[in-house]
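In: I would like the atomic coordinates for the input below:
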Amino acid sequence: MSHYRDLSRADLATLVPELLLMGQLIDRSGMAWCISAFGREQMAQIAIEEWAGSSQIYTRRMQRALGYEGTDVVTIFKGLQLDIGAPPQFMDFRYTVHDPWRGEFRLDHCGALMDVEPMGEDYVRSMCHDIEDPTFDATAVATNPKAQVRPVHRPPRTPADRHPHCAWTVVIDESHPPVEPLPAFHEIVRTRAATVELDPIDPADDGQSDYSGPLVADVDFGAFSHSALVRIADEVCLQMHLLNLSFVLAVAQRAGDDTQLAEICEKQLVGVAGIGAERIARALGVDRDEAGALRLLQLHPLLNPAAYVDSSAEGDLLRVRRSAAHDDGAWVALCGPGRTRPLQAIVRALDPHLDVEVEGADDDWTLRVVRRPEPAPEASEVAVTRFSTGSSFEFEPRRALPITPV
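Out: Below is the predicted model:
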């Protein structure tokens, strides 16, 4: 049973966009260490393989879950609205539909660009050219292998304050050569995360149970039913796990040895775990004490969805057992006795005096939250991830206006 079932419908509607944004921050955390280890060009290749290996898998999962499977442009755009690569407002996609096979989108605000522009034009080109070209098509192929996503204009911005930040066309045509998945896809599609079964949405629950209706400019998560929001939250957590598994695969092919691989993967997790916990706690008003920290751990994507990561609260303890996530080598496999830094980053997002004590085996352990007399300094990985404007980004109310062909 999902850990998110105990949340109210209103809290779930607040949580889902936070989870989508947290997924974007995975790269803000991980790629800094890839640049340090392998350089900018290899970082870009890691990003390409990471997103291309996972995005079409989780895109199809969300299509099935919310009942909007199809082969047209509208299906592609709905998928982007529920993709950790395009969190609402932070990556402010605006869509135009001409007909089922032709559309456009622009980014009125690109949080990723805001993060990268200060690093210089070479990094902007790596993200907006080298990475986007193959990964946009790799995402669209989940809907139609004959889809092509092509730029109208994109950064580096000329003039420097150009708006929108970029604009793209999406055209589906039988004459287009079909997009073929990159090799990473064939590895990630075999993981347990790719096929894990989640609780079905109850169509009788009050509210919207699917996204089979019109494409809307901004998704109103509050319109979805409690049951649908639970499923969406769990699916978004799986998106993060699939992206991370693809990241691990890409880094493993470049790391000098297992020690370097483990070090980079832990740094990525510590950074995104801490910032993600901070945002979730703030959004849901989690109490800043030991009980609140235990609750925050239960809600954190590191330990969700419950069907993939087996954890439960037992009194004032958190119990983690071997699960599909361990089999895949997912985030939870980086945690346990003697490997507490990601868990510490989560609880210290509430209060730097909080800490964890973990006992047991590598894949079967218990955790207790404790309070220390002296505050711990912020982990360097969390500080690096805080560089992203996503760490402090604030969502605003939007209306779900339907988009009709023009």
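In: report the buried residues of whichever strand or helix holds Met114.
Out: Met114 is part of helix 111-116 when elements are defined by DSSP states H and E. Neighbour-count burial for helix 111-116 flags Gly111, Ala112, Leu113, Asp115, Val116 (criterion: 16 or more other Cβ atoms under 10 Å). Glycine gets a C-beta too; all of them are placed from N, C-alpha and C.
In: want to try a markdown table for the residues you listed, with pLDDT and distance to Asp122 as columns?
Out: Converted to a markdown table, the buried residues of helix 111-116 look like this (pLDDT from 0 to 100; distance: Cβ to Cβ, whole Å):
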| residue | pLDDT | distance to Asp122 |
| --- | --- | --- |
| Gly111 | 95 | 20 |
| Ala112 | 95 | 15 |
| Leu113 | 94 | 14 |
| Asp115 | 94 | 15 |
| Val116 | 93 | 10 |
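In: which is the next helix or strand following the helix or strand of the chain with the lowest mean pLDDT?
Out: Using mean pLDDT, DSSP states H and E, helix 132-140 stands out as the lowest-scoring helix or strand of the chain, at a mean of 89. Using DSSP H and E, the next helix or strand after helix 132-140 towards the C-terminus is strand 147-153.
In: next, the angle from that next one to helix 132-140.
Out: Angle of strand 147-153 versus helix 132-140, following axes from the mean of the first three to the mean of the last three Cα atoms, to 10 degrees, is 140 degrees.
In: how far does strand 147-153 sit from the chain's center?
Out: Mean-position distance between strand 147-153 and its chain equals 23 Å (Cα atoms, centre = their mean, to the nearest Å).
In: same thing with stretch 183-195?
Out: The chain centre lies 17 Å from the centre of stretch 183-195; the measure is Cα atoms, centre = their mean.
In: may I have the helix holding Met114 as PDB, with CA atoms only?
Out: What follows is helix 111-116, C-alpha atoms only, in PDB (Å, rounded to 0.1, in the frame of the first residue of the first chain):
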ATOM      1  CA  GLY A 111      15.000  26.900 -14.800                       C
ATOM      2  CA  ALA A 112      17.700  24.700 -16.100                       C
ATOM      3  CA  LEU A 113      18.900  27.500 -18.400                       C
ATOM      4  CA  MET A 114      19.000  29.900 -15.400                       C
ATOM      5  CA  ASP A 115      21.200  27.400 -13.600                       C
ATOM      6  CA  VAL A 116      23.600  26.800 -16.500                       C
END
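In: now do that helix: everything it contacts.
Out: The contact list for helix 111-116 (Cβ atoms under 8 Å, 6 or more residues apart in numbering) reads 24, 28, 87, 90-91, 107, 123-124, 127-128, 155, 165-166, 387-390, 393.
In: just the buried members of those residues?
Out: Looks like those have 24, 28, 87, 90-91, 107, 123-124, 127-128, 155, 165-166, 387-388, 390, 393 buried, using 16+ other Cβ under 10 Å.
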